[in-house]
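Undergrad: coordinates only, sequence not included:
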């Protein structure tokens, strides 16, 4: 600093350099000093500093110490969660109006202490403006107010744990905390290292706003393993995570089998395409790149895709605009090594570098760098290194841009630049990402729902749609679909490998020989790939009723291949055409109702009369879903920014369904209807115990007006087929009714790529509290909401 | 106008909201204080075209203006910053054609080589016959103006007759001879950002040394978003031809803070080359007074009363 203050007016007059801008942190420092620079845990509405704990120290961007936080141990966790249970009782028993009032009050408290919050964020290197937090609070306070009138028949979950990784921003964290509170849950925040101080400050401010003490607690630790520790507590009802993918996977694996649903939003580190079409305002697009791609701390990794015809224009503008840029600080020396290696590799492959200055030979300072001439196969695109690096690829046509952008394991967001509205909307629709920004980037607002597609998430955040992760249908509170348990020690590689008992010829009487059924793959009835069958027992378990194919990994592969071929076409079909197909399916079922009723009767022992009723109910259910086809729609929620934003429900793709034992036919038709009405294809595994009604249904499917491969039915060992579904990357979701072991297996396995899991651990006669004959509206809503993901499209205008 | 140029003009696209956002971003930048502020303000002074364009201009107020242009900031203030011998004057004085002779005379009497700029071509509306507009340019040059601020024919721009506009400006260029030509686009009357961009390109293709936002007489004058569109056209032109064209915002620029934002905008979008009077001018009349007050505050720590600083 001494050197720069010595600069004379004339020096600066000559050089016209920017001067230092001061940013004060006095308020934040005073707050930290008040806590003696060591922040405790926040529980029971106050800071608690238990003795003899390890601490974690935090440094600011200049390397000076900011404060230290406590690393919570098991004892702290159980104390905190039990107080959160009390907090839940107090908070959820308030009226909607009272809860809304607290959130609104928090808004004004934040207004009062905004300076302190933004300074603490700044010191902790997690930028978050108080105005975005204010918008969160205002938006969700109105949902808190309207919960009971607009979201009837749903109730809060209980204690929700919100876990974040070290690099997760405060905003991403609060994006989950505020809606969870608004719906009446109590929340335990497990922040990452950088979001810990501001999260603690906000918790304190919430108390000032009148939140019941212990409805919000903050537990700090050294890494994400604390999140898993918190999840282990049986009083936690739901765990939701925000941050980088790696820690998310660790958390999923560590919480598998605990009987607690875990959802993951890996918002940090996803690769996102930044597409510039030739019809774009190139200057503004390049400015967009400058704003977002070279930040010292960026949440996503951009890949610049430029149409070949304007490539030169973009590159020359980038060169000019980057000329004045300074080096950016990398996080560590280790990052520098990674950056150097990535650049070397890229250059070896012929990439050219665009840099304002050469990189200093060592150290953590690195210049913003564009890597021109990379390809999707380049290591720096496949595995983007940290730092201010931006790979650039070119494309020829509009469709190629979409394929280039979609050819990525991530599906977080995309920025597209064109002045052509039709092209913009077509592209936005075709991109498999959660958010599309047209002629803009990095916009967000709580009123827009967005789900991470592909490997970018398993839940929807934002909008009314995002509230349902913090709610459950009111009736099921008696027995949760996934009861708490402790994880079993199991060998994941062995799951589902037990072979079924072989069927051997036993010379039975030809007249009474059990029938052999076929399964249904790609629109055709067929045997299993292995060729072998398994026996289906009668209800009493004394006689063999029939033989069904013993399907396995290859059958699942065939089915998924067939399904993914037809699913995009099915989703693109008009709503009314989809409804028509479902109606025709219902009609086909009507024609075969006797056969089906007979098979239900034979399989489950239900009386023929009762069985017939079940078929009739199933027909009604299909008509129900047919009617829903064109009623479930997105919208254009009003956003505070000028312009338009659209939210669209989209099909997940191919869904694997392991069907319940209970009400085998009705449950299958209900789930099948929900999935395909929303545009998905399904691979269904009928109950291992009761497969016959599903197999009898194949004749109905064959004559139905559905694309071949949209619905597949594979019978056999449930565990074996579950393992096969879990290990197919095309599947985006698995709905599972089975045993605790299967639930644990799926939670542990379905992490790479992430699959959205809907797990039910069925016990005798009860599967997850769902009464299939009397489906409440909230159950139906839950079903179709599980069958869609949401995309938001931003079209800002002047 | 060559086919290539026509093609270039026709392909122009500007996204209004993105430009507005960029303008907000630039306006939202924190500005440096202390000697940085003083140095930047002095730089702004050297870029000012000190202007009087009023119906009641007479030799006496033009004379005052010229002398203020030569000594824009009080000598003792400059001296305390060690800037008294660094040639801090405004970039030019700018007057109506009929006052050019007066300005030239005053400056000569004061031994100053400061250029005199004259507005011309039916300023501000440009709605006079081409013949008289050309004659106006020639006469201003004969009277000693070395910089001519011409206005474009908005009728041609609004009806999309870019070639006709190009031909007109080429004729002005010829009439200017060696004088610098600054082309006023009157952006307040061009309707869209796309038109502003196209007009900027056409003006540059026809040989303008500067492009200028407005006359100061339209309802909308120099705004940051429109300036972003124009300087991007300048950048575009530079990238394609290697030729650097200057930029002059004018009209409604009154405060020292605005002057700093203008400099920031130039530095951000075009780089340091465009921070000097040969590529950047600020058309203003009352701006100088505010800048001088800020400099007074930097030097003395006090806020000056109006009468403490010499009037123009």
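TA: Noted; the coordinates are in hand. Just so we're clear, the structure is a prediction, and the values are computed from it rather than from any experiment.
Undergrad: and the stretch 201-312 of chain B, which residues reach chain A?
TA: Listed as neighbours of chain A in the stretch 201-312 of chain B under the rule CB under 8 Å from any CB of the partner chain: B:232, B:235, B:236, B:239, B:263, B:267, B:271, B:272, B:275. C-beta: built from backbone N, CA, C; applies to glycine.
Undergrad: repeat that for 10 Å
TA: Along the stretch 201-312 of chain B, the residues adjacent to chain A under the rule CB under 10 Å from any CB of the partner chain are B:225, B:228-229, B:231-233, B:235-236, B:238-240, B:263-264, B:266-272, B:275-276, B:295, B:298-299.
Undergrad: Could I have the buried ones of those as ChimeraX selection syntax?
TA: Below is the selection syntax for ChimeraX that covers the buried ones among these, with 16 or more other CB atoms under 10 Å in any protein chain shown defining burial:
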select /B:225,228,229,231,232,233,235,236,238,263,264,266,267,268,269,270,275,295,298,299
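Undergrad: tell me the contacts of the residue of the stretch 101-250 of chain B found nearest chain A?
TA: Shortest the stretch 101-250 of chain B-to-chain A distance, computed as CB to the nearest CB: residue-wise this is residue B:232, at 4.3 Å. In this structure, residue B:232 makes contact with A:281-284, A:286-287, A:317, B:14, B:19, B:22, B:193, B:197, B:200, B:269-270, judged by CB atoms under 10 Å, 6 or more residues apart in numbering or on different chains.
Undergrad: Kindly report the same for residue A:343.
TA: Listed by CB under 10 Å, 6+ apart, the contact set of residue A:343 reads A:351, A:353, A:355, A:359, A:366, A:369, A:371, A:380, A:385, A:387, A:389.
Undergrad: quick one: secondary structure of it?
TA: Assigned by DSSP: H, G, I helix; E, B strand; the rest coil, the conformation of residue A:343 is helix.
Undergrad: do the same with residue B:49
TA: Secondary structure assignment for residue B:49 (three-state DSSP): strand.
Undergrad: What's the local residue count around the closest residue to chain B within chain A?
TA: The shortest separation between chain A and chain B is 2.6 Å, found at residue A:19 (distances taken as CB to the nearest CB). The number of residues packed around residue A:19, counting by other CB atoms under 10 Å in any protein chain shown, is 18.
Undergrad: and it, what does it touch?
TA: Taking CB under 10 Å, 6+ apart as the definition of contact, the neighbours of residue A:19 are A:4, A:7, A:12, B:30-37, B:39-40.
Undergrad: for it, phi and psi?
TA: For residue A:19, the backbone dihedrals (degrees, to the nearest 10) come out as phi -90, psi 170.
Undergrad: go on, residue A:234?
TA: Main-chain torsions, residue A:234, degrees, to the nearest 10: phi -60, psi -10.
Undergrad: Next up, the contacts around it.
TA: Under the criterion of CB under 10 Å, 6+ apart, the neighbours of residue A:234 are A:78, A:81, A:258, A:259, A:260, A:483, A:484, A:485, A:486.
Undergrad: In the chain, spot the helix with the most residues.
TA: Just going to use chain A. Using DSSP state H to define each element, chain A has its longest helix at helix A:96-123.
Undergrad: Chain B, not that one
TA: Of all the elements of type helix in chain B, the one with the most residues (DSSP H) is helix B:224-241.
Undergrad: tell me which strands and helices the next helix or strand along the chain from that helix is in contact with?
TA: Using DSSP states H and E, the helix or strand that follows helix B:224-241 towards the C-terminus is strand B:246-248. Where contact means 3 or more CB pairs under 10 Å, 6 or more residues apart in numbering or on different chains; DSSP states H and E, strand B:246-248 is packed against strand B:180-184, strand B:210-212, helix B:224-241, helix B:256-269, strand B:282-284.
Undergrad: Sketch out the low-pLDDT regions of chain A for me.
TA: For chain A, the stretches flagged by pLDDT under 70 are A:1-5, A:476-479, A:505, A:507-511, A:764-769.
Undergrad: And the helices in the stretch 251-400 of chain A?
TA: Secondary structure of the stretch 251-400 of chain A by DSSP state H, counting those that start in this stretch: the helices cover A:282-292, A:311-322, A:333-348, A:379-382, A:398-406.
Undergrad: What is the neighbour count of residue 45?
TA: Using chain A here. Residues near residue A:45, counting by other CB under 10 Å, number 18.
Undergrad: you looked at the wrong chain, it should be chain B
TA: The number of residues packed near residue B:45 is 27, by other CB under 10 Å.
Undergrad: mind checking the backbone torsions on the residue nearest to it when sequence neighbours are not counted?
TA: Computed as CB to CB, 6 or more residues apart in numbering or on different chains, the closest residue to residue B:45 that is not its neighbour in sequence is residue B:72, at 5.0 Å. Backbone torsions of residue B:72, given as degrees, to the nearest 10, read phi -70, psi -30.
Undergrad: how big is the angle separating the very next helix or strand once past the longest helix of chain A from helix A:96-123?
TA: The C-terminal neighbour of helix A:96-123 among helices and strands, as given by DSSP H and E, is helix A:130-150. Helix A:130-150 and helix A:96-123 meet at an angle of 160 degrees, taking axes from the mean of the first three to the mean of the last three CA atoms, to 10 degrees as the criterion.
Undergrad: contact partners of the next helix or strand after helix A:130-150?
TA: Sequence-wise, the next helix or strand downstream of helix A:130-150 (DSSP H and E) is strand A:154-156. When contacts are defined by CB under 10 Å, 6+ apart, strand A:154-156 is touched by residues A:88, A:91-92, A:147-148, A:180-186, A:237-238, A:467-468, A:470-477, A:777-778, A:781-782.
Undergrad: wait, what's in contact with the residue nearest the centre of chain B?
TA: Central residue check for chain B by CA atoms, centre = their mean: the C-alpha nearest the mean position is that of residue B:248, 2.9 Å away. With contact set as CB under 10 Å, 6+ apart, residue B:248 has these partners: B:47, B:49, B:91, B:94, B:117, B:149, B:182-184, B:209-214, B:222, B:227, B:230, B:279-283.
Undergrad: From residue B:212, how far out is it?
TA: The gap separating residue B:248 from residue B:212 is 4 Å, by CB to CB, to the nearest Å.
Undergrad: Common neighbours of the two, please.
TA: With CB under 10 Å, 6+ apart, residue B:248 and residue B:212 have common neighbours B:49, B:149, B:182, B:183, B:184, B:222, B:230, B:281, B:283.
Undergrad: Which pair in the residues you listed has the greatest spatial separation?
TA: With distances taken as CB to CB, the most widely separated pair in the shared contacts of residue B:248 and residue B:212 is B:49 and B:230, at 16.4 Å.
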